[in-house]
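> Everything below, folded, please.
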Amino acid sequence: MSPRSPADEPGTFFRVAIGTATIGMLVTAIAVGDNPRLYAAAGAFGAVWWAWDLLVAHVFLPLGDWIRDTLMAGGVGLGNSDQRPSLDELIALLEGHLRSGTSEQVDLNAAIRLEEIYRTVKKDPERARAVIELVRQRYPDAPQLKQFGPTDGGGVGGEDLLDGSVSE
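Residues are numbered from 1 along each chain as shown. Just a heads-up that it's a prediction; the model follows:
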């Protein structure tokens, strides 16, 4: 599907016709002289032109987008990509990345985010250290892990972290 130009929009013909009528009536009113009806007609066409733009931009287009999204997503509320996952969903997602071992960069990013969540939000420093130890075992020379320093070997084992349970 090719992108549409503004000339292809459904209301463009109406907008051009009303705009032309506004300008035409204003030019006619100035040319004829003192005829307040022509100025009133130009003002009326201008008001319709302004109201049309306002309705299209703030009512018709958002309503059409909502209807399209509702029909394409299969129902109201489904397919809303603006929603953020909950903390437990995020932890499960990041643990899933570590469990599957997709790539070094994905594993490192997931581990760093998990470490931060476990340390700051969940207040579980042992689990945070275990996440870093797990990726340190996989990628011992990763420069991203240098900021965490050496581990003391205590806490939960790295593989135990990925038992499929989300910490509470």
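> Show me where the protein has its helices.
If DSSP state H is used as the criterion, the helices of the chain fall at 12-32, 36-55, 61-73, 87-100, 104-116, 125-138, 158-161.
> per-residue confidence averaged over the third one?
Read that as helix 61-73. Averaged across helix 61-73, pLDDT comes to 84.
> got the contact list for stretch 49-59?
Outside stretch 49-59, the residues within contact range by C-beta atoms under 8 Å, 6 or more residues apart in numbering are 11, 14-15, 18-19, 22. No exception for glycine: its C-beta is placed from N, CA and C like everyone else's.
> that older thread, let me know which of the helices of the chain is the nearest to Gln144.
Closest approach to Gln144 among the helices of the chain is made by helix 104-116 (4.9 Å; C-beta to C-beta).
> so what secondary structure elements neighbour the closest one?
helix 87-100, helix 125-138 (3 or more C-beta pairs under 8 Å, 6 or more residues apart in numbering; DSSP states H and E).
> most packed of the ones you listed?
Each of those was scored by mean neighbour count; the highest is helix 125-138, a mean of 20, by mean count of other C-beta atoms under 10 Å.
> what angle sits between it and helix 104-116?
Angle, helix 125-138 to helix 104-116, by axes from the mean of the first three to the mean of the last three C-alpha atoms, to 10 degrees: 160 degrees.
> Could you check how far helix 125-138 is from the centre of its chain?
31 Å (C-alpha atoms, centre = their mean, to the nearest Å).
> Only alpha carbons, please: show it as CSV.
Extracted C-alpha coordinates of helix 125-138, given in CSV (Å, rounded to 0.1, in the frame of the first residue of the first chain):
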residue,chain,number,x,y,z
PRO,A,125,20.9,-8.2,46.2
GLU,A,126,21.7,-11.9,46.2
ARG,A,127,19.5,-12.5,43.1
ALA,A,128,21.0,-9.4,41.5
ARG,A,129,24.5,-10.7,42.0
ALA,A,130,23.4,-14.1,40.7
VAL,A,131,22.1,-12.6,37.4
ILE,A,132,25.5,-10.9,36.8
GLU,A,133,27.4,-14.0,37.8
LEU,A,134,25.4,-16.0,35.2
VAL,A,135,26.3,-13.7,32.3
ARG,A,136,29.8,-13.4,33.6
GLN,A,137,30.1,-17.2,33.3
ARG,A,138,28.8,-17.0,29.7
